[in-house]
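[1] sequence? don't have it. structure:
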């Protein structure tokens, strides 16, 4: 878990008993651009706050597992504690859009017309990109 979410969830569960707190124990604190190894896979951590302070995407070769940051045609909710739309848009613009256009997107939920997409398609069709991010930015 990213340190920002560890701190956020610690505050959220501060009123709860110790048994519940133990369920939120973190094995590895992740940071932006960290590399996790899973066998021969190198998993790059891309910190993309906005849905939660510590939201991350996982980039493996040419695949992006975007969690609740970016969906097919949509983006993660920002109306809950810790969410912020401007932050989410900023990190989609600066950390997701620069990825290769043929990067295959696997979102955390299947809300679109297809369960997967590409960064190139999302740049053309995703309303959180077409409506909130100017081409001249």
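    Perfect, I can see it now. Given the structure is predicted, the values throughout are model-derived calculations rather than measurements.

[2] do I have it right that residue 108 meets residue 67?
    Yes. Between residue 108 and residue 67 there is a contact at 4.3 Å, judged by CB atoms under 8 Å. (C-beta placed from N, C-alpha, C; glycine too.)

[3] hey, what's in contact with both of those two?
    Contact criterion CB atoms under 8 Å, 6 or more residues apart in numbering; residues bridging residue 108 and residue 67 by contacting each: residue 76.

[4] who has more neighbours out of the two?
    More crowded of residue 108 and residue 67, by other CB atoms under 10 Å: residue 67, with 20 against 16.

[5] please name the residues that touch the more buried one.
    Residues in contact with residue 67, defined by CB under 8 Å, 6+ apart, are 51, 55, 56, 57, 58, 76, 107, 108.

[6] just residue 73 next, same as before
    Residues touching residue 73, when contacts are defined by CB under 8 Å, 6+ apart, comprise 111, 112, 113, 117, 122, 125, 126, 127.

[7] would you mark the buried spots in the lengthiest helix in the chain?
    Longest helix in the chain, counting residues (DSSP state H): helix 3-12. For helix 3-12, burial by neighbour count (16 or more other CB atoms under 10 Å) applies to 4, 5, 6, 8, 9.

[8] before we move on, what about stretch 33-52?
    Under the neighbour-count rule (16+ other CB under 10 Å), stretch 33-52 has 43, 44, 45, 46, 47, 48, 49, 50, 51, 52 buried.

[9] mind checking how far the residue nearest to the third one when sequence neighbours are not counted is from residue 90?
    Ranked by CB to CB, 6 or more residues apart in numbering and with sequence neighbours excluded, the top spatial neighbour of residue 45 is residue 34, at 4.4 Å. According to CB to CB, to the nearest Å, residue 34 and residue 90 sit 20 Å apart.
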